[in-house]
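A.B. asks: Take this sequence and fold it.
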Amino acid sequence: MIRILLQAIALALFSLLVLHHPALRGEGEPQLAEFNAHCAGDAEKFCAGVARGQGRVFTCLRSKKDQLSETCGDYLSSKLKKVMSSFISFRSNCGDDYSKFCKDVSRGEGRVIRCLWSHGSEISSDCRRQITPFRLFEY
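C.D. replies: This is a model prediction of the structure:
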């Protein structure tokens with residue numbers, strides 16, 4: 001159960017980091033440019049009709065994981081592993097703030113990160129540092 005929850009949160013965080021930007025083109029955003037360099041062809045081939053944003057392209061690509069190019073498949077796997085490993089530090093850095101400010105917020109689609117960020121000066125400095133890279137979801 002915990003592993004499934006961690007995977008769901010990792011997927012949501014990955015979506016925030018890489019796929020939630022409306023343009024999904026990479027201009028001015030190194031993560032998006034990196035995604036495009038590895039997976040743009042696969043996204044066009046397998047997910048052309050999928051509306052961009054909120055992790056929909058990522059979800060589409062994951063559903064086609066057996067058909068993806070090696071480059072895109074390896075890239076997505078490595079990013080998911082990084083997100084999973086960073087979740088442990090997220091939990092330790094933001095767990096108290098989450099319990100205090102956001103425990104009633106539905107998980108997914110960046111809602112918890114948005115909630116924490118909305119309490120900017122009230123959350124711990126460790127949590128603020130942890131969620132700063134996830135600001136991409138605001139675009």
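A.B. asks: The nearest residue to residue 39 once chain neighbours are set aside: which element?
C.D. replies: Distances taken as Cβ to Cβ, 6 or more residues apart in numbering put residue 72 closest to residue 39, at 4.0 Å, once the chain neighbours are dropped. All C-beta atoms are positioned from the backbone trio N, CA, C, and that covers glycine. Assigned by DSSP states H and E, residue 72 falls within helix 70-97.
A.B. asks: So for the helix or strand that that helix is followed by, mean pLDDT?
C.D. replies: Sequence order places helix 111-118 as the next helix or strand after helix 70-97, per DSSP H and E. Averaged across helix 111-118, pLDDT comes to 86.
A.B. asks: buried set for helix 111-118?
C.D. replies: 112, 113, 114, 115, 116, 117 (16 or more other Cβ atoms under 10 Å).
A.B. asks: List the buried residues of whatever helix or strand comes next after it.
C.D. replies: Toward the C-terminus, helix 111-118 is succeeded by helix 125-131 as the next helix or strand (DSSP H and E). For helix 125-131, burial by neighbour count (16+ other Cβ under 10 Å) applies to 127, 128, 130, 131.
A.B. asks: With stretch 48-60 instead?
C.D. replies: Buried residues in stretch 48-60 (16+ other Cβ under 10 Å): 52, 53, 54, 55, 57, 58, 60.
A.B. asks: could I get it in CSV with only the CA atoms?
C.D. replies: In CSV, the C-alpha atoms belonging to stretch 48-60 read as follows (Å, rounded to 0.1, in the frame of the first residue of the first chain):
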residue,chain,number,x,y,z
ALA,A,48,-0.1,13.0,-30.6
GLY,A,49,-3.8,13.4,-29.7
VAL,A,50,-3.2,13.8,-26.0
ALA,A,51,-3.6,17.3,-24.5
ARG,A,52,-0.4,18.5,-22.9
GLY,A,53,-0.2,19.3,-19.2
GLN,A,54,-1.0,17.7,-15.9
GLY,A,55,1.1,14.7,-16.7
ARG,A,56,-1.2,13.4,-19.5
VAL,A,57,1.7,12.9,-22.0
PHE,A,58,3.8,11.2,-19.4
THR,A,59,0.9,8.9,-18.5
CYS,A,60,0.4,8.1,-22.2
